[in-house]
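> Generate a structure from the sequence data that follows.
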Amino acid sequence: KKKKIEQRKIMIGLIMVLIGITLFLTGGDVGFFKLAYLLGSKLGNINKIIIILIGGIFGFLIAKIEPNVKVLVSYVDKVTNGGIKDKFLETWLCIGVSISFMLSLFRVLNGYSVMIFLIPTYFLAIFFAFFTPTNFLGLSFDAGGVVTGSMSSSFLLPLLIGVASIITNNYLNEAFGVMALISVIPIIILEIVGMIYNIEVKNDNTKYLDDKIIDYGEV
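Here you go, the predicted structure:
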């Protein structure tokens with residue numbers, strides 16, 4: 001029932017999306033998957049500490065270019081009226097992904113079970129949920145989803161599989177759980193940011209009310 005000019009715009013938009021996602025997924029399949037796996041298999045032969053540090057750098061950079069992260073931090077900036085700057089939140093989410101991937105590499109390199117890391121971190125995320133403002137609680141768990149988007153799954157996961165393939169023949173099982181671990185640290189970080197922001201807002205409101213009372217008293 002739309003006008004023809006609106007129909008044309010919709011069709012052009014759909015075609016552009018189709019072309020874009022085709023190129024993106026093809027690039028991920030041909031480029032990222034194979035390159036990350038090859039890079040991980042080469043890294044598996046060097047010192048463990050160096051592997052973990054390099055993995056942390058990759059985790060930070062991959063989260064930095066994740067499109068979903070850009071959308072989330074921009075939304076949080078808008079919702080808080082600039083109270084939480086998008087660059088500030090983006091940096092901390094990238095740090096969260098970096099820490100998570102370093103823990104994943106540490107686990108694989110030392111043969112630890114993924115549950116050793118998942119159980120306490122998810123317990124901490126659930127514990128903080130009781131103190132996080134309601135509007136930030138949904139955003140926090142959204143953060144766990146956005147950091148495990150297309151870029152992380154197409155680069156960090158095959159990179160870890162490549163590292164694990166040098167250590168053990170059962171490398172697929174060893175790499176299992178990496179995306180779950182990558183998702184939980186950003187949840188905790190955004191919950192902490194929400195609690196800090198809530199405290200600051202309450203303090204600002206109290207100060208504002210006190211100033212108003214003083215002004216009215218003087219009048």
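> how about the helices of the protein, start to end?
Ranges of helices in the chain, per DSSP state H, are 4-27, 33-43, 48-64, 67-79, 86-110, 115-129, 134-146, 150-151, 157-167, 171-175, 178-218.
> distance between the fifth one and the chain's centre?
In terms of C-alpha atoms, centre = their mean, to the nearest Å, the gap separating the centre of helix 86-110 from the centre of its chain is 8 Å.
> Return the angle between stretch directions for that helix and helix 67-79.
140 degrees (axes from the mean of the first three to the mean of the last three C-alpha atoms, to 10 degrees).
> What of the third one?
Here the directions of helix 48-64 and helix 67-79 differ by 60 degrees (the same axes, to 10 degrees).
> From Leu61, how far off is the residue nearest to the spatial centre of the chain?
For the chain, the residue nearest the mean C-alpha position is Val147 (2.6 Å; C-alpha atoms, centre = their mean). Note on Val147: its distance to Leu61, by C-beta to C-beta, to the nearest Å, is 13 Å. Heads up, the C-betas are built off the backbone N, CA and C, glycines and all.
> Run through who's touching stretch 84-91.
If you take C-beta atoms under 8 Å, 6 or more residues apart in numbering as the criterion, stretch 84-91 is touched by Lys64, Val69, Lys70, Leu72, Val73, Ser74, Val76, Asp77, Leu190, Val193, Tyr197.
> give me that answer again for 7 Å
Val69, Val73, Ser74, Val76, Asp77, Val193, Tyr197 (C-beta atoms under 7 Å, 6 or more residues apart in numbering).
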